[in-house]
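*Asks:* Structure of the sequence below:
(2 chains)
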Amino acid sequence: MPLLSEFYKNTTVRITNINCGADFCRRLDALGLFEDTEVEIIKNDNFGPLVIKILNSKIALGRGEADKIYAEEI
Amino acid sequence: MAEAKRTKSMQKKSNLKVGLIGNPNTGKSTLFNSLTGARQHVGNWPGKTVEKKEGSFKHGSYEINLIDLPGSYSLTSYTEEEIVTSAFIFDENPDVIVQIVDAQNLERNLFMTIQLIELGAPLILAVNMIDTAEKKGIEINLGMISTLLGIPVMPIGAKTKHGVDKLLDTIVSQSKRLGKSQMKLKYGTEVDEELSKIKDFLKTNGYKSSNMEWTTIKLLEGDLRVEQDMTREPYYLQLKSLVEKSVSHLETVFEKNIHTILTRTRYGFIKGLGKDTIKYSENHDQSLSDKIDNFLTNKFLGIPIFLGVAWLMFQATFKVSTPIMGLIERMFAYIGSQSLSILEKIGASTWTQSLVVDGIIGGVGGILVFVPIIGILFIIMAILEDSGYMARVAYLMDKFMHRLGLHGKAFIPLIIGFGCNVPGIMATRTLETKRDRLLTILVNPFMSCGARLPVYALFAGAFFGANQGWVIFSMYILGIIIAIIAALVLRIFLVKKLSSPFVIELPPYRWPAFRGIMIHTWEKVWIFIKKAGTLILAFSIIIWLMASLPVGVEYGSQDSFAGTLGETIAPIFEPLGFGNWQSGMALTFGFVAKEVVVSTFGTLYGVSDVSSAEGVTSLSTSLHNDFTPLSAYSFMVFVLLYIPCMAVLAVIKRETNSWRWPIFVATYTTAVAWVIAFIVYQGGLLLGFN
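*Replies:* Coordinates of the predicted model:
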């Protein structure tokens, strides 16, 4: 399963699995990022944080964090 | 008698406690400012480093006490802000909670609304920026949302004050009637079954709660706060195993984590609500905000642009504040000399004269001299924050800062430290978690501040002639290197948790609200004067006492306690190449402010005016008797790294809300300074320098 950080910009993906600790999971929940949600990749420079669009807001997500999230293209 | 009692109870009734809550970047502060104006009280939440803002105002016959709750995305216990927020709703029984939401991002904002409703908070929803949303082609049926959620929903414009009066009317009229919303989220049969199992258990054991539904859901979610409350109950272990059983049952049935199950239900409900009440017209045009982002967060241009902005910010702050600071210094010098002549006339003892002039007037001047720097800096910081650029800075710098275990946003406080560490440390407030804030505070003193420059200038000028520019530059670089090493080491030993996850919202760009910025800046300045100022004054007086006791010694002379202290500690510096008593004393007085090192040498070598050209020359000549180029360099290194000045320690105390950290900083920086200066001096000797 590909990682969120492996997708190019302007692709829309569906989150399949998130491998996160309790605190971080709660944080992502609050932003609307959890399994089965659709996310648009706005920016991915191959280093540094990714910018993604969830529910109409732009979120910058550290690369380390994005490496814990699995997704599939839709 | 009865009459008086009645009026009293009526008065009590007309006081309303209202909490203002919301996601970051929803216009919460703007609404708070436009409601309370300048009548705000800023403090800390008890025992926390989170700021607490309150303001009172009248609406009709009601006195409304509005409490600005820190911006957060949910009501869990992830950050200190969230803990403070939920504690307020629980323990302080507010009459009304107003949640401000951004119309452009309603679904995400409603997640917290659901949590508030489940909590049973007396909630009113204030929908901000509805006109902007309409322009973007988002149509919202507020009436329907109100019906579906079972709470009042009001459109407002926080900036234009549009609809604010109506909101206040609603707060007042609903304050008595506002109970729990009747809305009940359906989690599905499986979950509901488990919930009622837990509920039944609690009921049979006589557990009483004002909100049983919420307690059971939170138990299922493993909420820390509720669990902690339950540890006090005698049946805690039984309850715990029951909850664990329910959780594992649900997780097997749904093949999902319990949080995912509950979160999905909540968002599922919001999605359904959104479908009925929000209409998006297809709009593929790139917004202005996105266009600006293409430029400002560009892979290649982003960082150079930011460095330019940072440079401008630094220049503006220190170029504008330096003349004002000079003015304040001259003003206090004038007040000092005037007071001195008055005191002489009335025949006050020299001891009293010195206490008033050097101790008190000098001490107060030493506090106020920071005001221009803090004021200007915070105006600029607030503009960056309000406009949305600060979030982009965090995004851009995270690539590098992350490797040091620091948050992307930590870059700005560190740069500011090059001007002055006091506002640098105050600026760490933009960081979200306590850990990030602490680490940034702890390494900040290694950023070589402006007050250290006169010391470098004196020594580099006296000993390094043509190369003095490089020598001074090397100090700044050394400070950065030591800060990086300190961050790496502290993060392992002290702040054990790894870097907090980097997840931040990049809000749409907007024009900053002028009024809000002025209020914010004034608050910062006032807190500094009030909280840090008192400590600085106390330090000043202690130093003054040390410099003027025992009675009869000349102020700051070798015979004073401070002089004796300087002499006593001098041998410690022998291996660093400057074991002379003059250095010991200069370093002791450097605690007041690092540039005082220069004037202390001036006094000790009998040079009256260290700022004049002749003064500098004669001081340089005298220094050659006590220093070699190598020991001069070692001394500069020590001044760069050793104990930060008292104002910095006072601010660390204020920002961390404990004495532990300023004491730690004072100790570890001095230890580091000694070790590095030792390496420089002894290493230099081995390499054949002198």
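
*Asks:* Now do the buried residues in the lengthiest helix in chain A.
*Replies:* If you go by DSSP state H, chain A has its longest helix at helix A:22-31. If you call a residue buried by 16 or more other CB atoms under 10 Å in any protein chain shown, then helix A:22-31 has these buried ones: A:Asp23, A:Phe24, A:Cys25, A:Arg26, A:Arg27, A:Leu28, A:Asp29, A:Ala30, A:Leu31. All C-beta spots, glycine's among them, are computed from the backbone N, C-alpha and C.

*Asks:* Near chain B, list only the ones from the residues you listed.
*Replies:* The overlap between the buried residues of helix A:22-31 and the neighbours of chain B (CB under 8 Å from any CB of the partner chain) comes to A:Asp23, A:Phe24, A:Cys25, A:Arg26, A:Arg27, A:Leu28, A:Asp29, A:Ala30, A:Leu31.

*Asks:* Of those residues, just say which sits nearest to B:Lys399.
*Replies:* A:Phe24 (19.7 Å; CB to CB).

*Asks:* coming back round to it: on contacts alone, who are the packing partners of the longest helix of chain A?
*Replies:* helix B:106-119, helix B:258-277, strand B:503-506 (3 or more CB pairs under 8 Å, 6 or more residues apart in numbering or on different chains; DSSP states H and E).

*Asks:* Serialize the ones you listed to TSV and add fields for mean neighbour count, mean pLDDT and distance to chain A.
*Replies:* Supplementary listing: the helices and strands packed on helix A:22-31 in TSV, determined by neighbours: other CB atoms under 10 Å in any protein chain shown; pLDDT from 0 to 100; distance: least, CB to the nearest CB, whole Å:
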stretch	mean neighbour count	mean pLDDT	distance to chain A
helix B:106-119	22	90	5
helix B:258-277	18	89	4
strand B:503-506	22	88	4
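
*Asks:* Of all the ones you listed, which one comes closest to B:Asn625?
*Replies:* When the helices and strands packed on helix A:22-31 are compared by CB to CB, strand B:503-506 sits nearest B:Asn625, at 56.1 Å.

*Asks:* Now tell me what touches the next helix or strand after that closest one from outside.
*Replies:* Per DSSP states H and E, the first helix or strand lying C-terminal to strand B:503-506 is helix B:514-527. Helix B:514-527 has contacts (CB atoms under 8 Å, 6 or more residues apart in numbering or on different chains) with B:29-30, B:33-34, B:38, B:40, B:42, B:371, B:374-375, B:378-379, B:382-383, B:386, B:426, B:654.

*Asks:* check those against chain A, which are close?
*Replies:* Okay, of the contacts of helix B:514-527, nothing touches chain A (CB under 8 Å from any CB).

*Asks:* just the buried members of these?
*Replies:* Counted by 16+ other CB under 10 Å, those give B:29-30, B:33-34, B:40, B:42, B:371, B:374-375, B:378-379, B:382-383, B:386, B:426, B:654 as buried.

*Asks:* where does the chain dip in pLDDT?
*Replies:* This is for chain A. In the prediction, chain A carries no residues with pLDDT under 70.

*Asks:* wait, I meant chain B there
*Replies:* Using pLDDT under 70, the flagged stretches of chain B are B:1-13, B:38, B:47-49, B:77-78, B:177-180, B:282-286, B:494-500, B:556, B:606-611.

*Asks:* Pick out the residue of it closest to chain A.
*Replies:* Nearest to chain A in chain B, going by CB to the nearest CB, is B:Phe502, at a distance of 3.1 Å.

*Asks:* which residues touch that residue?
*Replies:* Residues in contact with B:Phe502 (CB under 8 Å, 6+ apart) are A:Pro49, A:Ala60, A:Leu61, A:Gly62, A:Gly64, A:Glu65, B:Ala394, B:Asp398, B:His402, B:His407, B:Gly408.

*Asks:* My read is that A:Asn56 contacts B:Asn109, right?
*Replies:* No: using CB atoms under 8 Å, A:Asn56 makes no contact with B:Asn109, being 10.1 Å away.

*Asks:* Secondary structure and neighbour count for the contacts of B:Phe502 - can I get that in JSON lines?
*Replies:* Below are these laid out as JSON lines (DSSP: H, G, I helix; E, B strand; the rest coil; neighbours: other CB atoms under 10 Å in any protein chain shown):
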{"residue": "A:Pro49", "secondary structure": "coil", "neighbour count": "29"}
{"residue": "A:Ala60", "secondary structure": "strand", "neighbour count": "25"}
{"residue": "A:Leu61", "secondary structure": "strand", "neighbour count": "26"}
{"residue": "A:Gly62", "secondary structure": "coil", "neighbour count": "24"}
{"residue": "A:Gly64", "secondary structure": "helix", "neighbour count": "15"}
{"residue": "A:Glu65", "secondary structure": "helix", "neighbour count": "22"}
{"residue": "B:Ala394", "secondary structure": "helix", "neighbour count": "24"}
{"residue": "B:Asp398", "secondary structure": "helix", "neighbour count": "25"}
{"residue": "B:His402", "secondary structure": "helix", "neighbour count": "18"}
{"residue": "B:His407", "secondary structure": "coil", "neighbour count": "27"}
{"residue": "B:Gly408", "secondary structure": "helix", "neighbour count": "27"}
